[in-house]
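Asker: A structural model of the following input is requested.
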Amino acid sequence: QVQLVESGGGLVQAGGSLRLSCAASGGTFRTHFMVWFRQAPGKEREFVAGISGTGGNTYYADSVKGRFTISRDNAQNTVYLQMNSLKPEDTADYYCALTLYYINLKRGPYDARGQGTQVTVSS
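Answerer: Have a look, this model is predicted:
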């Protein structure tokens, strides 16, 4: 079973950047769609970005399009989320997850998810 570990979260000022990483182990990585989603306190889980197994197709929520970039390195079993022009409303716990099926990309269910990394954007 695949295990996912996120890193790279932290505190940043509005307008700043962060790069999140998600390292996978224990299973087949390159066959899965990878997803980043976030959840802020008191709010529902929100899809942020997704990427196909080869990295050839990417998908973004409207709220982050043009600011965030998802990428993956299948040789390193790692997926990244580059976040630029951060806003206070981007504050949330960020999670990576994976799924075999495109239909599950935005809403799940996911085959595995990580424990999350916290991102706080100050105004």
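
Asker: now the terminal residues of stretch 29-43, how far apart.
Answerer: Terminal residues of stretch 29-43 lie 30 Å apart, using CA to CA, to the nearest Å.

Asker: ignore what I typed, I meant stretch 16-35.
Answerer: Stretch 16-35 end-to-end distance (CA to CA) = 22 Å.

Asker: got it, and stretch 108-123?
Answerer: One end of stretch 108-123 sits 32 Å from the other (CA to CA).

Asker: what does it contact?
Answerer: Contact with stretch 108-123 is made by 1-14, 16, 18, 20, 22, 27, 32, 35, 38-39, 83, 86-100, 104, as judged by CB atoms under 8 Å, 6 or more residues apart in numbering. (C-beta placed from N, C-alpha, C; glycine too.)

Asker: so of those, which ones are in helices?
Answerer: Assigned to helices by DSSP state H, none of those qualify.

Asker: go ahead and build a ChimeraX selection from the buried members of those residues.
Answerer: Typed into ChimeraX, the line below selects the buried ones among the contacts of stretch 108-123, using 16 or more other CB atoms under 10 Å:
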select :2,4,6,8,9,12,18,20,22,32,35,38,83,86,90,91,92,93,94,95,96,97,98,99,104
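
Asker: the closest residue to Val5 other than its chain neighbours and Arg107, how far apart?
Answerer: Take Val5 and drop its neighbours on the chain: the residue closest to it by CB to CB, 6 or more residues apart in numbering is Ala23, 5.1 Å away. According to CB to CB, to the nearest Å, Ala23 stands 24 Å off from Arg107.

Asker: just Leu4 next, same as before
Answerer: Counting by CB to CB, the gap from Leu4 to Arg107 is 18 Å.

Asker: just the CA trace of stretch 95-102, in CSV.
Answerer: Presented in CSV, the C-alpha positions along stretch 95-102 are these (Å, rounded to 0.1, in the frame of the first residue of the first chain):
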residue,chain,number,x,y,z
TYR,A,95,-2.9,17.0,1.7
CYS,A,96,-1.7,14.9,-1.2
ALA,A,97,-3.6,11.9,-2.3
LEU,A,98,-3.7,9.4,-5.2
THR,A,99,-6.3,7.6,-7.2
LEU,A,100,-6.2,5.3,-10.3
TYR,A,101,-9.3,6.9,-11.7
TYR,A,102,-9.9,10.4,-13.2
